[in-house]
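J.: fold the stuff below for me.
(3 chains)
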Amino acid sequence: MSDDALVIEGLAAGYGELTVLRDVSLTLRPGELTLVGGPNGAGKSTLLRALLGAIPASAGSALLGGEDLLALDMRARLARGLSIVPEGRGLFPSLTVRDNLRVALRAGRAGRRDAQERVDAVVAALPIVGERMDDRVGSLSGGQQQMVAVGRALLMRPRVLLLDEPSIGLAPIVWRHVLKLCRELADEGRIVLLVEQRVLEALDTSDRCAVLQQGRIVHSAAVGDRRAVEQLLESYFASGSAAA
Amino acid sequence: MTVALPAGARAPSAGKQAAAALRVAAVGAFVVVGWYQSSNFVDLLMLAAIWAIAAVGLGLLMGMAGQVSLCQASFMLVGAYAYGVLTREHGVPTEVALVAAGLASALLAVLLSPVLRIRGFMLALATMALSLLITRAFGTGSWLPGGNVGLGSIPPLSLGPLTLETEVQYLVLCVVVLAASVVALRRVFGAGPTRRAIQLIHHDEALLSAFGRDGFALKRSIFWVAAALAGVAGAIYAGSVSFVAPNDFGLADSFALALAVVIGGATRISGAIVGAVIYELSFTTLGPELADYRYVLLGVIVIVVVHLFPEGVLPTRADLGSLVPQRWAGARPRRERASDRPSPALVEPDDSEPLGVRIEHVTKAYGALRAVDGLDVAIRPGALVALVGPNGAGKTTLLDLIAGEQAASSGRLWLGDRDVTTLAASARARLGVARTYQRIRLVPSLSLRDNVAVGVDKLVLEDRLPRLAERQRAAHADAALAAVGLAGRGEEPISTLTFGERRLVEVARVLASRPRLVLLDEPASGLSVAEAEHFATLVRRMHAGGCTVVLVEHDLAFVRALAEEVVALDGGRLLAHGPTAEVLATPAFQEAYVGVAA
Amino acid sequence: MIDFLQTTQGILTAASAYLLVGLGWNIVYNACGYLNLAIGGFYVLGAVVAYEAQARLGLTSFVLVGAVVVLVVGVVGAAAERITLRPLRDRGLAPMLVTLGLALVLLQLAAALVPVTVIRPAVFVAGPPLDLGGVLIGRQELIVWATAAVLTAGLVAFFKRTDVGRTMRACADNEAGARMLGINVPAFATAAFTIGAVLAAVAAFVVAPAQGVAYTSGEYIAIKAFMAISIGGIGRYGGAVVGALVVAAAEGYIARYWNADVRDVVVLSAFLLILYLQAKQPRMAVLRRRAT
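T.: I've put the predicted structure just below:
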């Protein structure tokens, strides 16, 4: 079981002079939805970027099935089954939904016959993607764009799905739909890592919750534990750090 | 923490020194080969010196101020024709004509200066079009004496009784003009607040506006000074060869001048001279058989220089380190004098009042998105207030609107009792507004002290300090550095600082301008706990010194500890405004921040 | 009337060249993020290679000479980008300064290869011009128009219908997003630079037999082509066609019915005015890159 998990230990990363993540350790298991919360600037996006390889890690390890991802370049990590729904969604607004999916398929070197099958699977999971297939992504609403971004990540049949603040710009009802989708994806046996500022809505859907603050995990617990929620709120609004 | 080192003490490695020496040797070899292959070396040097006069001006514009201009040779054409027409057609004395040629080019540059509103790549393209335009304007038909064939029998230059006839005489004249212009340019543009402003134009023109100065006027004066030099160079050329044609000094020559600046190095005014010499010697270096390929050689040199030596082909004295005798090395450690220390009046706050902010129904729309949406807020003078809210709430946009870096789509904005809705950022800055940025904005080519002195310069621009000598400005900047805990490190380059120290330099820059209103954009992000605490102390002290402080911050613990009151925003609208603890406890705010529990 | 139509014929030829070179500007700027000032050099190089293919290799067929032009300029362009430009990504104006150096190298190489002022390869289809009710249309002219039309349509299809084309658009749209999908963005930048160089070269290859290409003409063509896409709107093919026609028509009719000498002065002044207004009013700016 733990062979299939993504085990992060002592991860540090940043941008040039600036160290954002310090000594982050976290174990992500297949079938579990892990939620990482924390205020802006806490290092949530940096964590995902470092896992994906978009920025180099300066220390630590991230073992997936016993292999250290940090030793691989980004393309190799994508080939190992990592996939991201990045901050701002990372879509190509002047391309149609179909072309967004095609570009991703080609980048992922999916075979041509396989391709249609994959697209069909995504459409089955996200009907809206099928309905808007020939519209330019820029003309879609924020929620629809988020669906396309998730769909595009699913196209790669990821073992590990990383989502960077998908709630931004979503109406509450759409946000709940995205959460439900994340839950289903985890239930299919994937590792799902969701980073969010608006954690409360996502809490009940998740299996585990961790809080990042100033680049460190200040709190980590299984959800369901009432105290976990209290501690979480505490770390957001109360004192206990910085200039206190 | 890096250990503070006096600047002179940083010795380059032996390998770097050897590489630097090799570059000097390579340039030397190039000159020697050029001399060996040439039939008339003096002629070559004279032409090199003429090009160098034009290149030095361009070096200031393109190298120092970062404005790529591809029409410098056109100003040589204007100067050459002005000299030729005035002397030959109107019998004007040649000395007068020489000066008039410079003035004619300068005048044209002033007329064309709106082109400098265009920035970056587009400026290169626009000046390229200007060059083609001037060539075509001179070449169209017979409106100029000499028509399309060109103007011949231009009288040689004479200075009083002496008529310049030999190449050596022209060479001497050029060298004198060159030396005089380098000295003058160094004095006017290469020192003090003007030097700092030019570096800001190069790296971050918007930052210059935020510190009270509009870059356009300075760019324009550099542009016309550069053009005047080119005009003089063109006139000397016309006098020395006694002929000029409309298709002389075309776009290829402007390209070549630009490349000479790149080759010679952008960071030194004299760099362009080296570039001009290399450019001219490339006529002969390849020998007569391969002379056709000189532009290939130049192109290759340029590509290599851009890749390997972005600061120019010649190494700096610092790169050479101990290879240069100490007494040449310049920048001797300065001994502190009593007069260097700022008088107490300089460091202490003056009696200027803190500035309040009143925002009346302000909206900022980007297309359909309203980042700030009909907002009404008043921040009283002397407040210490935090702007909080979730991502996309409009906090940074609001800060930009107050500073004038963005214009409101509708609504009115007051600073103190003045309606500043239509006031430019630089003018608002001169009312006493100073700010820091989410992504730190310091100028890498300036030392710590110079970065902070930009704040002092702002104070002078506001007329709250008399026109200080550079030494006093430096002392004032040092005092501000000391106030944030970076005493004695003014000589260091920015690159040696840690992230936290860079934030402190931004604060020192704000402090040095003795602001009446301070805007801080996410000052705590990226800081360690200890650094954040230090930072909070500084903000409190700044506030106690008598100014309004508005800060955007995500770290609510930091906000709670620091701010007296909070303005909470969500979706560009006001959520709550009141005492910090009260607002942070309201359910509406908590919901906006972390969402509603399902 | 016949005179007007005859002038229009020349305008269509000029517009074809502006269109192709303009698309070259556009593709490189979108994908690479800098202006390729060497595009005038690639234009002249195209004429030179066509001339040499005829003179030295003895080729006469349009297709074969065209293939040589595409191949040679393609290789030169790709190598130039790969070696001299790719390492300078994200170094501000530095890549543009390198293209300035490249322009000098290309122009000089071209001049050294074919030491004449105006390069004029032989026409590909011999014969007298076609007479359409008094309006004479050169056969090479027809080739120029057809080439511009076919290449523009081909580019539209390439960017819309092929994987490589779509991916290039994706890179221009959102570079960071493309990278997170594992797309090798620099490789696509090389491809875009190469296509831009080849487009300019092909424009000269078809125009040169009809009108000749002077060494000094590369930069004029480049500026006017840029003006064409500024008017038409970057990234819009229909707009680029209209822009090319507007620029060519303006200069063609000015030259014929007013004064040939003021043609460039008027057109260049208009271009400067456009750039200035765009700088004053950023919303008018047509060169916009990357939505995010």
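
J.: how about the residues of the stretch 101-250 of chain C near chain B?
T.: Taking C-beta under 8 Å from any C-beta of the partner chain as the test, the list of the stretch 101-250 of chain C residues beside chain B reads C:101-105, C:107-109, C:111-112, C:216, C:219-220, C:223, C:226. (Glycine included, C-beta is placed from N, CA and C.)

J.: can you give me the helices for the stretch 151-300 of chain B?
T.: B:167-189, B:192-203, B:205-210, B:215-241, B:251-264, B:271-285, B:294-308 (DSSP state H, counting those that start in this stretch).

J.: packing partners of the second one?
T.: When contacts are defined as 3 or more C-beta pairs under 8 Å, 6 or more residues apart in numbering or on different chains; DSSP states H and E, helix B:192-203 packs onto helix B:167-189, helix B:205-210, helix B:215-241, helix B:448-461, helix B:470-483.

J.: quick one: contacts of the second one?
T.: Pointing back at helix B:205-210 there. Residues external to helix B:205-210 that are found in contact with it (C-beta atoms under 8 Å, 6 or more residues apart in numbering or on different chains): B:119, B:197, B:200-201, B:214-215, B:403, B:405, B:424-426, B:429, B:434-435, B:441, B:443.

J.: got it, and the last one?
T.: Here helix B:470-483 makes contact (C-beta under 8 Å, 6+ apart) with B:191-193, B:339-342, B:346-347, B:448-450, B:452-453, B:455-457, B:460, B:468, B:487-490, B:505, B:508-509, B:511-512, B:538, B:541.

J.: show me which residues of the stretch 1-150 of chain B are close to chain C?
T.: B:66, B:68, B:70, B:114-115, B:117-122, B:124-126, B:128-130, B:132-133, B:136-137, B:140-141.

J.: and the stretch 401-550 of chain B, which residues reach chain C?
T.: Counting by C-beta under 8 Å from any C-beta, no residue of the stretch 401-550 of chain B is near chain C.

J.: same question for chain A.
T.: Checking chain A against chain C by C-beta under 8 Å from any C-beta, the hits are A:52, A:54, A:74-75, A:78-79, A:84, A:86, A:88-95, A:99-100, A:102-104, A:106-108, A:138, A:152.

J.: those also near chain B: which ones?
T.: Applying C-beta under 8 Å from any C-beta to the residues of chain A next to chain C, none is adjacent to chain B.

J.: right, and the helix or strand after the helix or strand of chain B with the lowest mean pLDDT?
T.: Lowest by mean pLDDT, DSSP states H and E among the helices and strands of chain B is helix B:344-347, with a mean of 48. For helix B:344-347, the succeeding helix or strand toward the C-terminus, using DSSP states H and E, is strand B:357-366.

J.: gap between the closest residue to B:A453 other than its chain neighbours and B:E553?
T.: Distance criterion C-beta to C-beta, 6 or more residues apart in numbering or on different chains; nearest residue to B:A453, sequence neighbours excluded, is B:A477 at 4.1 Å. With distances taken as C-beta to C-beta, to the nearest Å, B:A477 is found 27 Å from B:E553.

J.: next SSE downstream of the longest helix seen in chain C?
T.: Using DSSP state H, we find that the single longest helix of chain C is helix C:2-32. Using DSSP H and E, the helix or strand that directly follows helix C:2-32 along the chain is helix C:39-55.

J.: and that following helix, what's buried?
T.: Buried residues in helix C:39-55, defined by neighbour count with 16 or more other C-beta atoms under 10 Å in any protein chain shown: C:39-54.

J.: buried only: go through the contacts of helix B:470-483 for me.
T.: Buried, going by 16+ other C-beta under 10 Å: B:192-193, B:342, B:346-347, B:448-450, B:452-453, B:455-457, B:460, B:468, B:489-490, B:505, B:508-509, B:511-512, B:538, out of the contacts of helix B:470-483.

J.: which stretches in chain A count as strands?
T.: According to DSSP state E, chain A carries its strands in the segments A:6-15, A:18-28, A:33-37, A:57-64, A:67-68, A:82-85, A:160-164, A:191-196, A:208-213, A:216-222.

J.: nope, the stretch 101-250 of chain C is what I meant
T.: Along the stretch 101-250 of chain C, counting by DSSP state E, counting those that start in this stretch, strands occupy C:118-119, C:130-132, C:135-137, C:213-214.

J.: can you list the strands that the first one pairs with?
T.: Here the strand partners of strand C:118-119, with direction, are listed using DSSP bridges: strand C:213-214 (antiparallel).

J.: any part of stretch A:164-177 near chain B?
T.: Yes. Counting by C-beta under 8 Å from any C-beta, chain B has neighbours in stretch A:164-177: A:165, A:167-169, A:172, A:176.

J.: turn the residues you listed into CSV, columns for neighbour count and pLDDT.
T.: Converted to CSV, those look like this (neighbours: other C-beta atoms under 10 Å in any protein chain shown; pLDDT from 0 to 100):
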residue, neighbour count, pLDDT
A:E165, 21, 86
A:S167, 24, 81
A:I168, 18, 75
A:G169, 18, 69
A:P172, 13, 74
A:R176, 16, 84
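
J.: hang on, the earlier thing: what subset of the residues of chain A next to chain C is buried?
T.: For the residues of chain A next to chain C, buried by 16+ other C-beta under 10 Å: A:52, A:54, A:74-75, A:78, A:84, A:86, A:88-95, A:99-100, A:102-104, A:106-108, A:152.

J.: contact residues of chain B facing chain A?
T.: B:390-392, B:497-499, B:502, B:522, B:524-526, B:528-529, B:532-533, B:535-536, B:554-558, B:560-562, B:584-585, B:590, B:593-598.

J.: now do the one residue in the stretch 451-598 of chain B that gets nearest to chain C against B:S445, distance only.
T.: Relative to chain C, the nearest point of the stretch 451-598 of chain B is B:S495 (16.3 Å; C-beta to the nearest C-beta). B:S495 sits 10 Å away from B:S445, going by C-beta to C-beta.
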